[in-house]
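K.L.:
fold the following for me, if possible:
(one chain, ligands or ions: 1)
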Amino acid sequence: MTEKTSRVSGDATGAPVILSNEPGSFAWGVLAKRHPALIQQVRDAFPYGRRQHEALDALLDEIANGVIEPLAPADHDHERWADWGKEYFGHSWYDAPFLWAEGYFYRRLLGAVGYFGTGPWQGVDPFAPFKRAELRGEAVEEELRALDPLADASVEERATALLHASLWGNRADLGFSISAGEPGPSDVTTSALVADDSATLWQLLPAGTSATVAVVADNAGRELIPDLVLIDHLLEHGRAERVVLHVKPYPYYVSDAMTADVVDCLRRLTEAPGEAGRIGGRLWEAMAAGSLEVRTHPFFCAPLPYEEMPEDLRVEFASATLTILKGDLNYRRLVGDRLWHPTTPFAERTAYFPGAVAALRTLKSDVIVGLEQETVDALELAGDAWRTSGTHALIQVGP
Ligand SMILES: O=P(O)(O)OC[C@@]1(O)O[C@H](CO)[C@@H](O)[C@@H]1O
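P.N.:
As a prediction, the model looks like this:
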């Protein structure tokens, strides 16, 4: 890693929890630079009134100069956050665990713009303009056109291409592009995979069985479209009889998908010509038939690792043949947001998971497990910020 590693706090597991208090570290940069830039983008995208601008100013000031304040007692989720944040309120944002601080930042941002209030801005997604622009953009257009030649490829080639499209779709996250610039769509290849358990993934889903696959979505738009195309492939080729797509209950981490985003993506697909339109039509029917179902749960916006998932979600994942977790944040929550030794076995970190789980993730934060030592050595030798720059990806299956 050429970047400074985040300062951390250790405990009995031996692997330190990532904090944001080391200037120059990735986590510090997210709080000190990415979040203020995001607030500016949101201000520019909406004609907010004075109340919202003042609340956003206060949030910026609190993060830069103050201490973490709790939610107002009248807020609907005050009690939940009072519990999750009791150790951190009254301390600097930079000294709280990075995972917690980011989750709470998004909750406070939504509060500041009136998302949870009773006024006219209730339910207005502050990130919707960015998501919409992406969905209407040339990159999506091109990606949809690229589905046409794939229709003639062999089933195996198609399966691999669609799995990789879903994987690399994770690179196109809007929060990431705030600090990293627009990712180039075609400058990455499978050789950038630092771990590849795709053979195991396909073995878990042999054609013709009655598998249920849970897909825990990450970003909308350029990530969700290839996720949906992969889901269509699983259903169409009998690798799954039923797919449950889990999305966020409210706007989160800039471009995370909610039900409204699934609807927008399905419309985008159905309105497209050629193969994309046919896939969109099939998915629309799958929704009506119940073989594709969208669900959400408050835990998806909780600042907690999956190890602490509630019982109803545990039962849900236990009943799936395979749960596919998309993206960097889900990975951090799956293995724990800590500086593990990179060769710590993925199976060890996911042993608590109630069923088979696959992570499809481009690397956009310091957390990593399950690598071979020679892979780590080669990555370190290359000298770039391989853990955080989104140039590398992984497919890992456990436990
Ligand atoms: O979960 P995603 O969309 O793949 O990534 C989320 C992300 O952009 O947000 C965090 C920093 O804000 C990082 O963990 C990661 O880079």
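K.L.:
list the contacts of the residue nearest the centre of the chain.
P.N.:
Compute the mean C-alpha point of the chain, and by Cα atoms, centre = their mean the closest residue is residue 218, 3.4 Å away. Residues near residue 218 by Cβ atoms under 8 Å, 6 or more residues apart in numbering: 170, 173, 256-257, 326-330. In this view, the C-beta of every residue, glycine as well, is placed from N, C-alpha and C.
K.L.:
try it again at 7 Å.
P.N.:
When contacts are counted by Cβ atoms under 7 Å, 6 or more residues apart in numbering, residue 218 touches 170, 256, 326-327, 329-330.
K.L.:
a markdown table please, covering the residues you listed and showing pLDDT.
P.N.:
Below are the contacts of residue 218 laid out as a markdown table (pLDDT from 0 to 100):
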| residue | pLDDT |
| --- | --- |
| 170 | 91 |
| 256 | 96 |
| 326 | 98 |
| 327 | 97 |
| 329 | 97 |
| 330 | 98 |
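K.L.:
so which of those are also by the ligand?
P.N.:
170, 327, 329 (Cβ under 6 Å from any ligand atom).
K.L.:
now, which of those sits nearest residue 43?
P.N.:
residue 329 (23.9 Å; Cβ to Cβ).
K.L.:
any idea how far stretch 381-396 is from the middle of the chain?
P.N.:
17 Å (Cα atoms, centre = their mean, to the nearest Å).
K.L.:
that stretch close to the ligand?
P.N.:
No: Stretch 381-396 stays clear of the ligand (Cβ under 6 Å from any ligand atom), getting no nearer than 7.0 Å.
K.L.:
that stretch spans what distance, first to last residue?
P.N.:
End-to-end span of stretch 381-396 (Cα to Cα, to the nearest Å): 23 Å.
K.L.:
same question for it, mean pLDDT?
P.N.:
For stretch 381-396, the mean per-residue pLDDT is 90.
K.L.:
in it, what counts as buried?
P.N.:
386-396 (16 or more other Cβ atoms under 10 Å).
K.L.:
quick one: which of these sit in strands?
P.N.:
393-396 (DSSP state E).
K.L.:
if I look at residue 341, how far off is residue 307?
P.N.:
As judged by Cβ to Cβ, to the nearest Å, residue 341 and residue 307 stand 18 Å apart.
K.L.:
also residue 229?
P.N.:
31 Å.
K.L.:
those two: which has the busier surroundings?
P.N.:
Taking other Cβ atoms under 10 Å, residue 229 and residue 307 do not tie; residue 229 has more neighbours (25 against 14).
K.L.:
ok, the helix or strand harbouring the more buried one near the ligand or not?
P.N.:
Using DSSP states H and E, residue 229 maps to helix 224-236. No: residues of helix 224-236 are not located near the ligand by Cβ under 6 Å from any ligand atom, the shortest gap being 11.1 Å.
K.L.:
helices and strands around that helix, which ones?
P.N.:
Packing contacts for helix 224-236, counted by 3 or more Cβ pairs under 7 Å, 6 or more residues apart in numbering; DSSP states H and E, involve helix 155-169, strand 212-216, strand 242-247, helix 259-270, helix 274-289.
K.L.:
those: which one's closest to the ligand?
P.N.:
Nearest to the ligand, of all the helices and strands packed on helix 224-236, is helix 155-169, at 9.8 Å by Cβ to the nearest ligand atom.
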